[in-house]
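Novice: output the structure for:
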Amino acid sequence: MEQATRQREESAADLIQHLTLNSLLDEVSFDFKRRLAVSLVLKCVFIHGMDRSNAVDSISSLLEIASRSVSDWTREHEVTFAVTETKQGKHPKTMSPINSPEYQDFRNKMRCYVKENSIGGKGQNRLTAKTLQQWVNEELGLDGDVCYSDRTVCLWLHSLGYTLNSVKKALYVDGRERPDSG
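Specialist: Residues are numbered from 1 along each chain as shown. Alright, predicted model coming up:
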């Protein structure tokens with residue numbers, strides 16, 4: 001009898017170690033995990049009467065997803081009766097010219113463009129993220145859905161050593177110190 005119990009415990013320990021090292025959910029898509037999490041939480045809450053926070057914590061732990069995300073998805077499903085598909089991994093795959101050695105000429109052109117257009121003269125506009133984004137996409141021949149965003153271009157500026165500044169017109173005049181005010 002003791003030998004059977006010991007063998008079961010060893011078998012259980014082996015299984016736990018295997019599950020810890022090799023998750024069976026690694027090959028499952030993130031969207032499927034999302035739908036599964038929402039379904040299981042709502043069933044636990046509305047069918048089995050489980051407390052919502054306990055259900056969210058349990059399911060998020062089992063699926064190895066942040067409990068905040070599971071909670072947000074569940075609330076969204078209760079309102080819209082749908083689980084939105086993520087955009088994760090579905091963006092077009094383009095090579096970043098900011099780190100690639102073959103784009104050194106492009107980076108030099110970008111530096112020159114920023115230097116020439118960043119400081120406007122009297123009455124001229126300064127360089128904006130939107131105009132730089134347009135220049136980058138034109139220079140690289142990108143248009144439509146396959147182009148870089150202004151946020152990405154701003155991150156590139158930072159990696160090239162530039163800082164972004166927002167220049168605002170601000171002038172304060174204290175009128176009580178004028179000589180003609182009495």
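
Novice: switch to C-alpha atoms for all contacts and neighbour counts from now on
Specialist: Will do.

Novice: could you look up the next helix or strand downstream of the helix or strand residue 111 falls within?
Specialist: Using DSSP states H and E, residue 111 sits in helix 104-117. Using DSSP H and E, the helix or strand that follows helix 104-117 in sequence is helix 129-139.

Novice: pull out the buried residues from that next one.
Specialist: 129, 132-134, 136-137 (16 or more other CA atoms under 10 Å).

Novice: still on that earlier bit, off-centre distance for the helix holding residue 111?
Specialist: 28 Å (CA atoms, centre = their mean, to the nearest Å).

Novice: if we can go back for a sec, from the buried residues of helix 129-139, which has minimum pLDDT?
Specialist: Ranked by pLDDT, these bottom out at residue 129, which scores 88.

Novice: okay, buried residues for the helix holding residue 111 please.
Specialist: 107, 110, 114, 117.

Novice: from the buried residues of helix 129-139, which single one is nearest residue 53?
Specialist: residue 129 (42.7 Å; CA to CA).

Novice: that older thread, show residues contacting the helix holding residue 111.
Specialist: 97-98, 126-127, 132, 136 (CA atoms under 8 Å, 6 or more residues apart in numbering).

Novice: now with 10 Å?
Specialist: 97-101, 103, 118, 124-128, 131-132, 135-136, 139-140, 156-157, 160-162 (CA atoms under 10 Å, 6 or more residues apart in numbering).

Novice: ok, now stretch 70-87?
Specialist: Outside stretch 70-87, the residues that reach it (CA under 10 Å, 6+ apart) are 30-42, 52-53, 55-57, 59-60, 63, 67-69.

Novice: one more time with 8 Å
Specialist: By CA under 8 Å, 6+ apart, stretch 70-87 touches 31, 34-35, 37-38, 41-42, 56, 60.

Novice: distance between that stretch and the chain's centre?
Specialist: For stretch 70-87, the distance to the chain centre is 17 Å (CA atoms, centre = their mean).

Novice: just the C-alphas of it, formatted as PDB.
Specialist: Provided in PDB are the C-alpha atoms of stretch 70-87 (Å, rounded to 0.1, in the frame of the first residue of the first chain):
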ATOM      1  CA  VAL A  70      -8.300  39.000 -18.300                       C
ATOM      2  CA  SER A  71     -10.500  41.300 -16.200                       C
ATOM      3  CA  ASP A  72     -10.500  44.000 -19.000                       C
ATOM      4  CA  TRP A  73     -11.400  41.500 -21.700                       C
ATOM      5  CA  THR A  74     -14.200  40.000 -19.600                       C
ATOM      6  CA  ARG A  75     -15.700  43.400 -19.000                       C
ATOM      7  CA  GLU A  76     -15.400  44.200 -22.700                       C
ATOM      8  CA  HIS A  77     -17.200  41.000 -23.600                       C
ATOM      9  CA  GLU A  78     -20.000  41.700 -21.200                       C
ATOM     10  CA  VAL A  79     -20.700  45.000 -22.900                       C
ATOM     11  CA  THR A  80     -20.100  44.100 -26.500                       C
ATOM     12  CA  PHE A  81     -20.700  40.300 -26.500                       C
ATOM     13  CA  ALA A  82     -17.500  40.000 -28.600                       C
ATOM     14  CA  VAL A  83     -13.800  39.400 -27.900                       C
ATOM     15  CA  THR A  84     -11.800  41.700 -30.200                       C
ATOM     16  CA  GLU A  85      -8.900  40.100 -32.100                       C
ATOM     17  CA  THR A  86      -5.500  41.500 -31.200                       C
ATOM     18  CA  LYS A  87      -3.200  43.100 -33.800                       C
END
